[in-house]
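Colleague: my questions concern the predicted model and sequence given below.
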Amino acid sequence: MDMDQLKRQAAARALEEVRDGMQLGLGTGSTAKHFVELLGERVAAGLKVIGVPTSEATRADAERCGVPLTTLDAIDHLDITVDGADEIDPELNLIKGGGGALLREKIVAAASDRMIVIADDTKWVPTLGRFPLPIEVIPFGLGATSRAIEKAFAECGVSGQMAVRKAKDGHVFVTDGGHWIVDARLERIVDPASLARALSAIPGVVEHGLFIGLASSAVLAGGEGIRVIERRKPKGD
Ligand SMILES: O=C[C@H](O)[C@H](O)[C@H](O)COP(=O)(O)O
């Protein structure tokens, strides 16, 4: 079975959790795209849900698939957010932002009662860090922000090269929020919670791709079938 089929299987399993009347966070990326497509099929068959997209790309997909949309200003909470991830560790801490949508993804996940992460099982890692950590930054003062990030890395026992993300056309990648992304090759993040706190304290950092204590469960699809891992601690811990 190819990777895309595994991603669709994980998305289909998450869809089983969706009930009539739910308000849903709609993730971004190639895995979340499958969820939006499958959700669109259920909506066409009569399911009543409303979604908040985590990117302009997902907004376009949802509109194409006929999924009704709203905003976090119009509703007071979300029941479930379904989103992909770049890495998932056994505590269900995540690295996200490979597609550049981490800021809206984190706002939406934090506003949700539950976050279900869907992925093929290659995303499951014992320790986060092999995937470069995306850090969303304000372009103004990037030199100072980069030095503060390096200091935070040193304090948290990690180091690695940083690079401003480029788009396919060679220009700097600009997020939906108008910011830039610095990708940090850290290889092994020993204490992701401490690093998350240290990065959040830097003024020029808008957000980072460490999602700590946000995922409620992970649906992993692999050659052996589907594995659902539930988070042990309550959301936010
Ligand atoms: O910014 C992008 C998101 O965090 C994605 O959810 C993440 O990169 C995983 O994407 P994919 O499902 O395409 O591997």
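Modeller: On my side now, so go ahead. Worth saying up front: this structure is predicted, and the values here are computed from it rather than measured.

Colleague: contacts for stretch 157-170?
Modeller: The contact list for stretch 157-170 (Cβ atoms under 8 Å, 6 or more residues apart in numbering) reads 100, 129, 134-135, 142, 146, 149-150, 153, 172-174, 180-191, 195. (Glycine included, C-beta is placed from N, CA and C.)

Colleague: restricted to helices, list these.
Modeller: By the criterion of DSSP state H, membership of the contacts of stretch 157-170 in helices covers Leu142, Ser146, Ile149, Glu150, Phe153, Leu195.

Colleague: neighbours around the closest residue to the second one other than its chain neighbours, how many?
Modeller: Looking back up the chat, that one is Ser146. In this structure, Ser146 finds its nearest non-sequential neighbour in Met162, 6.3 Å apart by Cβ to Cβ, 6 or more residues apart in numbering. Using other Cβ atoms under 10 Å, Met162 has 17 neighbouring residues.

Colleague: please report phi then psi for Met162.
Modeller: phi -120, psi 140 (degrees, to the nearest 10).

Colleague: tell me which element Ala11 falls in.
Modeller: helix 3-15 (DSSP states H and E).

Colleague: now what about the next helix or strand along the chain from that helix, what contacts it?
Modeller: Next along the chain after helix 3-15, taking DSSP H and E as the criterion, comes strand 23-26. For strand 23-26, contacts defined as Cβ under 8 Å, 6+ apart pick out 18, 32, 35-36, 39, 49-54, 58, 62, 67, 70, 75, 77-83, 108-109, 111-112, 115.

Colleague: pick out the residue nearest the middle of the protein.
Modeller: Lys96 (4.2 Å; Cα atoms, centre = their mean).

Colleague: state the distance from that one to the ligand.
Modeller: 3 Å (Cβ to the nearest ligand atom, to the nearest Å).

Colleague: ok now do that residue, which residues does it touch?
Modeller: Residues in contact with Lys96 (Cβ under 8 Å, 6+ apart) are Asp83, Gly84, Ala85, Asp86, Leu102, Glu105, Lys106, Pro134, Gly209, Phe211.

Colleague: same deal with His77?
Modeller: Going by Cβ under 8 Å, 6+ apart, His77 touches Gln23, Ala111, Ser112, Asp113.

Colleague: okay, now the second one: neighbour count?
Modeller: The number of residues packed around Ala111, counting by other Cβ under 10 Å, is 17.

Colleague: any buried residues in the strand ranked longest in the chain, and which?
Modeller: In the chain, taking DSSP state E as the definition, the longest strand is strand 112-120. Using 16 or more other Cβ atoms under 10 Å as the test for burial, strand 112-120 gives Ser112, Arg114, Met115, Ile116, Val117, Ile118, Ala119, Asp120.

Colleague: go on, stretch 50-60?
Modeller: Buried-residue list, stretch 50-60, by 16+ other Cβ under 10 Å: Ile50, Gly51, Val52, Pro53, Thr54, Ser55, Ala57, Thr58, Arg59.

Colleague: cool, stretch 96-110 as well?
Modeller: Neighbour counts over stretch 96-110 (16+ other Cβ under 10 Å) mark 96-106, 108-110 as buried.

Colleague: which one (most neighbours) among the ones in helices among the contacts of stretch 157-170?
Modeller: Neighbour-wise, the ones in helices among the contacts of stretch 157-170 (other Cβ under 10 Å) top out at Leu195, 25 neighbours.
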